[in-house]
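> dropping a prediction and its sequence here:
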Amino acid sequence: MSAVLLALLLAAPTEPATVGALGPGEQITYKVSWLGLPAGSAEVMVGAEAADRPGSLPIVTQARSDVVVYPLKNKIVSWWDPASGRSRGLEMYSDENRKRRRLKIDFDRSAGNAEVIRQNEGEPPKESKVEVPSGSMDVASAVFFLRTMRLGDGDTVTMPIFTGAKLFKGLAEVEGRGPIDTPMGKREAIRVRLRTEFSGKLTAREIRMWFSDDAAHVPMRMEADFALGPVVVEWTDYKPGRAIDPSTLARGR
């Protein structure tokens, strides 16, 4: 998954835009293209507050690639805190190129650290505790953090992003706004460029994103250039969630 979802293209003028809400019940379906060819799909769903994770909502991302040279099937659950807009933890189950692994991160903001469990298939789990700056978040929740921002023209947002192994600084810049064509019709969009320090075949140092120009800031399109080639992700279906008041959620650590 790494840099998660990525971009959008095409068009078909259709129905008026849906007014969305970032909250429980939201579902976004994407199609993924690689080198201009169909490559897979992804779905992002926001769940309700769970008793064992008070104060946070599960953001579940499931992605799969049908590319023969690099099959991929990932499930990521990011525990997102609506009050702060940041992550409280992440669980990832990954099957990439026929190699399975598990990653679990728990952020403890009061202690300023993250507890990490990493495990490759057939090997015992490796546990560690890493000091991280206040406000650190996982890769999956970084997009949701941006969704809570104002995203005014010229705005810049910096984010400490922790992958479970390394800590990087992400810098997002709002470059402008205007209409774009998508598989769900023409939409007003906010264009954001996210620069990172990631490396590797399945990561990109720059991600171009288009968010809906409304209060929900739904990611409609993302693009990135990976070592294996350019990837485009575009939304094909959207169901709005239920708007919530963060003050009504239980207090968590």
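That came through, no problem. As the structure is a prediction and not an experimental result, all values here were calculated from the model.
> shouldn't V116 be in contact with S128?
Yes - V116 is in contact with S128 according to CB atoms under 8 Å; the separation is 5.0 Å. Just so you know, the C-beta spots here come from the backbone N, C-alpha and C atoms, and that holds for glycine as well.
> between the two, which one's more packed in?
Remark: of V116 and S128, V116 carries more neighbours, 19 against 12, as counted by other CB atoms under 10 Å.
> who does the helix or strand hosting M220 pair up with?
M220 belongs to strand 219-226 when assigned by DSSP states H and E. Using DSSP bridges, strand 219-226 pairs in its sheet with strand 206-212 (antiparallel), strand 229-239 (antiparallel).
> pull the distance from that strand to the chain's centre.
11 Å (CA atoms, centre = their mean, to the nearest Å).
> buried set for that strand?
219-224, 226 (16 or more other CB atoms under 10 Å).
> biggest separation within those residues, which pair?
Pairwise distances across those (CB to CB) peak at 20.3 Å, for the pair M220 and F226.
> and the strand or helix carrying M45, which residues are buried?
Per DSSP H and E: M45 is located in strand 37-46. Residues of strand 37-46 classed as buried: 39-42, 44-46 (neighbour count, 16+ other CB under 10 Å).
> how about the contacts made by the residue nearest to M159 when sequence neighbours are not counted?
The shortest distance from M159 to any non-neighbouring residue, by CB to CB, 6 or more residues apart in numbering, is to G170 (4.2 Å). Listed by CB atoms under 8 Å, 6 or more residues apart in numbering, the contact partners of G170 are 142, 158-161, 194-196.
> go again using 6 Å as the cut-off
159, 161, 194, 196 (CB atoms under 6 Å, 6 or more residues apart in numbering).
> ok, of those, which one's closest to S84?
Using CB to CB, M159 is the member of those that sits closest to S84, with 12.3 Å.
> circling back: need the buried residues of strand 219-226 in CSV (columns: distance to L35).
Converted to CSV, those look like this (distance: CB to CB, whole Å):
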residue, distance to L35
P219, 22
M220, 21
R221, 17
M222, 16
E223, 13
A224, 13
F226, 10
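> and the residues you listed as JSON lines, adding pLDDT?
What follows is those, written out as JSON lines (pLDDT from 0 to 100):
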{"residue": "P219", "pLDDT": "96"}
{"residue": "M220", "pLDDT": "97"}
{"residue": "R221", "pLDDT": "97"}
{"residue": "M222", "pLDDT": "94"}
{"residue": "E223", "pLDDT": "93"}
{"residue": "A224", "pLDDT": "88"}
{"residue": "F226", "pLDDT": "75"}
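> of those residues, just say which sits nearest to R177.
Nearest to R177 among the buried residues of strand 219-226 is M220, at 12.3 Å by CB to CB.
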